[in-house]
Structure formats: C-alpha cells, structure tokens
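**Q** got a structure for you, letters missing:
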C-alpha cells in the first residue's frame with residue numbers, strides 16, 4: 001500500500017494526515033490557504049502517491065487550488081460522513097478523561113482542542129482499509 005495524504009477540509013481550518021499501511025506518519029491542522037504549500041512539502045517528504053479530500057465543506061474548491069501545486073499526484077474525493085463523530089471518539093481514546101470527568105458521559109464532553117487532524121486520520125484509515133491506494 002502506498003502513502004496517502006488525507007485532508008479534512010473546512011472554511012477556517014483543515015485537518016491533514018499522512019498515512020500508509022504501517023500507520024500515521026504525520027498529522028496537523030492549518031488554515032486552508034496554507035494547504036497547497038504543506039501538501040507539496042508532504043509529497044516530497046513522504047513520496048505520497050494519492051491525495052484524498054473529504055467531499056464536504058469546501059473540498060472541491062480546495063482540490064482546484066491543490067491541482068495547481070500537485071499536478072503529478074492524483075486527487076480523490078472520499079465520503080466524510082461521521083468523521084467528526086469518529087474523531088471525537090478517537091480523541092477521548094487517546095486522551096481519556098481524568099478525575100471526576102471520568103464519570104461524565106463522553107457524549108457530554110468537549111475535546112480540549114480542535115480535532116480536524118483526527119478526522120483526516122479517520123479518512124486515511126478508512127481509505128487504506130478499503131484496499132485502495
């Protein structure tokens with residue numbers, strides 16, 4: 001399996017993850033205007049073979065900007081349904097509540113930071129799990 005760059009697009013911030021069959025190699029959150037430069041760096045660093053973009057908010061617009069900077073790497077759109085919910089769940093797996101917060105149902109807790117990077121990780125894992133890439 002190759003290396004993929006997954007992007008969870010948004011108006012104010014985007015989650016970015018680089019993953020392969022061996023796991024997550026990079027994850028970050030940045031403003032949309034920084035995505036083309038970051039993706040170009042990640043392609044060079046990790047020899048990524050595919051860029052996947054969530055098909056929701058601003059995804060098509062972002063893809064148009066990326067095509068100018070990453071013409072040699074194919075861009076695919078993937079279903080991003082429920083990725084935010086899955087990212088919340090992953091956040092609390094990685095950062096379990098402590099003290100009395102352990103007693104509060106997780107659905108009532110709010111992650112202590114943006115989770116767009118985790119949503120991108122979910123996109124990458126689901127894409128790679130389907131044997132694509």
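**A** That came in fine, so what should we check first? Since we're looking at a predicted model, the values are computed, not measured.
**Q** Please give the element, helix or strand, for the residue positioned nearest the centre of the chain.
**A** Centroid-nearest residue in the chain, with CA atoms, centre = their mean: residue 120, separated by 1.3 Å. Assigned by DSSP states H and E, residue 120 belongs to helix 116-129.
**Q** before we move on, the earlier item: looking at it, the residue nearest to the centre of the chain is touching residue 16, isn't it?
**A** Yes: counting by CB atoms under 8 Å, residue 120 does reach residue 16; the two are 5.5 Å apart. Using the backbone N, CA and C atoms, a C-beta is placed for each residue, glycine as well.
**Q** now the strands: where do they sit in the chain?
**A** With DSSP state E as the criterion, the chain has strands at 4-8, 14-20, 23-30, 50-54, 75-78.
**Q** what does the worst-scoring helix or strand of the chain on mean pLDDT rub up against?
**A** Using mean pLDDT, DSSP states H and E, the weakest-scoring helix or strand in the chain turns out to be helix 59-69, at a mean of 86. With contacts defined as CB atoms under 8 Å, 6 or more residues apart in numbering, helix 59-69 is touched by 7, 9, 14, 32, 35-37, 39-40, 51, 53, 75, 77, 80.
**Q** can you check stretch 110-118 too?
**A** Contacts to stretch 110-118, defined as CB under 8 Å, 6+ apart, come from residues 8, 10, 13-17, 27-29, 84, 87-88, 90-92, 95.
**Q** In PyMOL, how would I select just the buried ones from these?
**A** Only the buried entries of the contacts of stretch 110-118 go into this PyMOL selection, using 16 or more other CB atoms under 10 Å:
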select buried, resi 8+10+13+14+15+16+17+27+29+84+87+88+90+91
